[in-house]
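# okay, predicted coordinates and the sequence, questions at the end:
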Amino acid sequence: MDEFLAGAPAWTDGLNEAGYHLAFYGGAQLQFAGKGRFLKTHGFAEMVGFDELLPGVTDPGDRNNWGLMDDVLLDMAYARFEELSRERKRFGLFVLTMDTHHPDGYHSRTEADRPYGDGSNTMLSAVAMSDRLIASFVRKIRASEWGANTVIAIASDHLAMENVASDLLRKGKRRNLFLVLDPRVKEGRRVERSGATFDTGATFLPFLGFRSAVGLGRDLLSSAVSEEWLARRQATETLRAWRRELLEFWDFPRLRREVMFRADGAEVAIDGRRFRAPVLVELDEAWRTKLRFEFDATWDVRLAEQAARLEDGTRFLLVAKKEDVGALVAVDAVETEWVLVIGGGGRGAIARPLADGTRISKEEIEEALERAGER
């Protein structure tokens, strides 16, 4: 077993240095949460998102509020798998699906006539449909002429956020999925050891012929890693203490000019960088932003309440629906569906109506922050 490049900052950096061509295919825009920049700086030579895939999509029904439907994305990803395989070079193809995105899920048209049960719970149907699409994708790879030399990993990036099936999910034990399909392994086994998403890279690498700890990650199949170490690393207070440092990996923008709102797709643009609403934006003294989205892993409450709990004086912008900001400011007189709340933790807030195409300059926001502080 080869030793992995111990100095690599991420396991994908190591694979890149070992000669792997790394490609990412995702249905959403690469700009979202700085994803494209993060991948580019960690070994990926090829990054394909919504904007890059859109020219190949002719039917509007193949799109949703977040990007492309999974059936279309997986077809495109499989075509790229065939191309890369024919080149007979080592590669890693990463595919990010999103039909199971909260709160309702999306139904790819090739599966839309096969709902879960009576179809009344749209999220359960989305999960069932996505399961079949991914299973079909995996079967095509394993049945191909390159299947015997292809290792496949299937992983969830986080637990499901609040959605129309949450009441059912809370009744059971929730955990993330990490599944490895190696054509050389004939009998599977279930690993009950506690781990975290940090561990996926270090656990997957041995299937490619490498062994290494990767940052906070450890190989969950290795007996050399103690349960005590895993438990200590996963201590909630430790990870929360690193929150700001971890967020710095993502390129959230500094507010320099304006905030713009688009009702179509519920998008907020901060100096041209687009994000999905609702979103809570914290602003520091230099106008650097820190973004929170609904039901952040450390705040299982609505964004308005998160804003209300911010430390005194913390400046923020909240883009949300009018019905969801009552914890912060009175909006009875606002006639638009969406509002922008401008305020400072513990120092009052002001609501601005948001119609499609509304632009609010940095100077206007600064004035509103001053007025909110006087309340």
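Right, received. Where do you want to start? Numbers count the residues shown, from 1 in each chain.
# tell me which element Glu335 is part of?
If you go by DSSP states H and E, Glu335 is not part of any helix or strand.
# where's the closest residue to it other than its chain neighbours relative to Ala45, distance?
Take Glu335 and drop its neighbours on the chain: the residue closest to it by CB to CB, 6 or more residues apart in numbering is Pro353, 6.5 Å away. Every residue, glycine included, has its C-beta placed from N, CA and C. Distance, Pro353 to Ala45, by CB to CB, to the nearest Å: 45 Å.
# ok, the helix or strand hosting the residue nearest to Glu335: who's next to it in the sheet?
Pro353 is part of strand 349-354, with elements assigned from DSSP H and E. Using DSSP bridges, the strands paired with strand 349-354 are strand 338-344 (antiparallel).
# what's in contact with the strand it pairs with?
The contact list for strand 338-344 (CB atoms under 8 Å, 6 or more residues apart in numbering) reads 259, 261, 263, 266, 277, 304, 307, 312-322, 325, 328-329, 331, 349-354, 358, 360, 365, 368-369, 372-373.
# swap the cut-off to 7 Å and go again
261, 263, 277, 313-322, 325, 328-329, 331, 349-354, 360, 365, 368-369, 372-373 (CB atoms under 7 Å, 6 or more residues apart in numbering).
# swap in stretch 64-74?
25, 27-29, 50, 53, 57, 62-63, 95, 97-99, 101, 106, 108-111, 130, 133, 137, 265.
# of these, buried ones?
Burial by neighbour count, judged by 16 or more other CB atoms under 10 Å, picks out 25, 27-29, 50, 53, 57, 62-63, 95, 97-99, 101, 106, 108, 110-111, 130, 133, 137 from those.
# derive a ChimeraX selection command for the buried subset of the contacts of strand 338-344.
Of those, the buried ones can be selected in ChimeraX as follows, counting by 16+ other CB under 10 Å:
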select :261,277,314,315,316,317,318,319,320,321,322,325,328,329,331,349,350,351,352,353,354,360,365,368,369,372
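# which of the contacts of strand 338-344 fall in strands?
261, 315-321, 349-354, 360 (DSSP state E).
# which of those sits closest to Asp118?
Sorting those by how near they are to Asp118, with CB to CB, puts Lys321 at the top with 29.0 Å.
# could you pull up the contacting residues of that closest one?
Pro278, Glu337, Trp338.
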